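Peer 1: need a 3D model of the sequence below.
(one chain, ligands or ions: 1)
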Amino acid sequence: MDVAFVSTNEGKFREVASLLAPFGVRVRWSPRTLPELQADRLATVARAKLAAVPASSRRVLVEDSGLFLEAFPGFPGVYSAPVYALLGFGPILRLLRGRTRAAAFRTVAALRWDGTVRLFYGEVRGRIALGPRGAHGFGYDPIFLPEGAARTFAEMGPAEKDAISHRGQAIRRAGAWMRRRAGPRARAVARRSDREQM
Ligand code: ITT
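Peer 2: A predicted model of the protein is given here:
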């Protein structure tokens, strides 16, 4: 089974494609810019992105993610993409001097599947490193240390990040739903592809 993933972010696409493969879901990347509603919740933005994809696309996945700093509730949050694009990490590292470095990444994935719309959530808690480290991943990965880890997401390989990340959790939930929804035939194909990977 196939799903279109609409996003301008190639880093997200790579993660989503490898997260959905074990569920027997092939992901086609549609790198379109969708209008981003100004709203204070990821779920509202994710729903609005999905609503902007023409109804003729019957199986579509989008997601909205963000980094949330405990010291500054809601920031950069839904504004994570423009804050990163315009300012990078510098201001975040400066703002956190002398404050709690606790943070979380959150994802809300929105799926349209043959007329049904479903949302799936994921969160990983952690803290902001003192400075950027590592070369993997994208966006804020070099400054995010997931709880219990001594390495940033950018110091981990993709599989290690996927196993614990906000996106990993949300997209695996979406994959499990699609597999259940698609019925026994698709489940058999997914089992075959699992065996082929072993
Ligand atoms: P689309 O809206 O086109 O999907 P985008 O990059 O604009 O792409 P978002 O609006 O969801 O996506 O912005 C989320 C931003 O948060 C993203 O651009 C990164 O800067 C950051 N971000 C989200 N997930 C991340 C992750 O796993 N690692 C590092 N940074 C992440």
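
Peer 1: how far away is the residue of the chain positioned farthest from its centre from Ala71?
Peer 2: Among residues of the chain, the one most distant from the C-alpha centroid is Gly98; the distance is 29.4 Å, by CA atoms, centre = their mean. Computed as CB to CB, to the nearest Å, the Gly98 to Ala71 distance reads 9 Å. C-beta here means a position set from N, CA and C on the backbone, and glycine is covered the same way.

Peer 1: same check on Pro31?
Peer 2: On the measure of CB to CB, Pro31 and Ala71 end up 34 Å apart.

Peer 1: which parts of this structure sit against the ligand?
Peer 2: For the chain, the contact set with the ligand under CB under 6 Å from any ligand atom comprises 7-9, 12, 64-67, 80-81, 84, 105, 137-141, 153, 165, 167.

Peer 1: just the buried subset of those, please.
Peer 2: Using 16 or more other CB atoms under 10 Å as the burial test, those include 7, 9, 12, 64-67, 80-81, 84, 105, 137, 139-141, 153, 165, 167 as buried.

Peer 1: ok, back up a step: the residues of the chain next to the ligand in helices, which ones?
Peer 2: Among the residues of the chain next to the ligand, the members found in helices (DSSP state H) are 12, 80-81, 84, 167.

Peer 1: give me the neighbour count for Pro82.
Peer 2: 11 (other CB atoms under 10 Å).
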